[in-house]
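>>> Below: sequence and its predicted model.
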Amino acid sequence: MNTRLEDRTTAAANGTDASGTDTTGAAASGTDANGTGTAAAGTGGTEAVIGSARERIDSLDERIIALMQERMSVSESIQRARMASGGRRVALSREMEIISRYSEALGRPGTTVAMTLLELCRGQV
Ligand SMILES: O=C(O)C(=O)C[C@]1(C(=O)O)C=C[C@@H](O)C=C1
């Protein structure tokens, strides 16, 4: 995670934005539209490495989004069942378990991920 932040910082310093898009003119900064050094692009297949890794990321993102949508649907069924029997939409102790799981796996940003997922699944409280 820190590495990626550094990447972004470096990219910005090189005249590229966070997506690697040139912000100053590729020729002047020595980078192409992928943020790839032009010298390395021709020799090491860097363009191909980045291109295929980005395809994998796009595919992973699609699966993550589908899983989030599936989670929202399962969560809704729990909330409906609980509310139909007179309970509340929110189950705070369960949310604490979920937040702990994500923060143990991903560190502090995991807490934010869990809270965002919960907001998607049960709305803002
Ligand atoms: O597990 C539950 O009881 C749910 O209602 C699901 C869920 C969730 O999306 O994980 C959603 C709302 C609750 O506050 C807690 C958890």
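Cool, got the structure.
>>> Could you pick out the residues of the chain near the ligand for me?
Residues of the chain lying near the ligand by Cβ under 6 Å from any ligand atom: Ser75, Ile78, Gln79, Val90, Ala91, Arg94, Glu95, Ile98, Leu118, Cys121, Arg122. In short, each C-beta sits where N, CA and C put it, glycine included.
>>> same thing but at 5 Å, please
Ser75, Ile78, Gln79, Val90, Ala91, Arg94, Glu95, Cys121, Arg122 (Cβ under 5 Å from any ligand atom).
>>> Give the buried subset of those as a ChimeraX selection command.
Only the buried entries of those go into this ChimeraX selection, using 16 or more other Cβ atoms under 10 Å:
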select :79,95,121,122
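>>> For the lengthiest helix in the chain, buried residues please.
The helix that spans the most residues within the chain, counting by DSSP state H, is helix 46-84. The neighbour-count check on helix 46-84 (16+ other Cβ under 10 Å) flags Thr46, Glu47, Gln79 as buried.
>>> by contact count, what packs against the helix or strand hosting Ala105?
In the assignment (DSSP states H and E), Ala105 maps to helix 92-106. When contacts are defined as 3 or more Cβ pairs under 8 Å, 6 or more residues apart in numbering; DSSP states H and E, helix 92-106 packs onto helix 108-122.
>>> counting contacts, what elements does the helix it packs on pack onto?
Helix 108-122 packs on helix 46-84, helix 92-106, going by 3+ Cβ pairs under 8 Å, 6+ apart.
>>> Between helix 46-84 and that helix, find me the angle.
Here the directions of helix 108-122 and helix 46-84 differ by 50 degrees (axes from the mean of the first three to the mean of the last three Cα atoms, to 10 degrees).
>>> Show me the contact partners of helix 108-122.
Helix 108-122 is contacted from outside by 1, 68, 71-72, 75-76, 79, 89-90, 95, 98-99, 101-104, 106, using Cβ atoms under 8 Å, 6 or more residues apart in numbering.
>>> can you rerun that using 10 Å?
The contact list for helix 108-122 (Cβ atoms under 10 Å, 6 or more residues apart in numbering) reads 1, 68-69, 71-76, 78-79, 89-91, 94-106, 124-125.
>>> Alright, that wraps it up for me.
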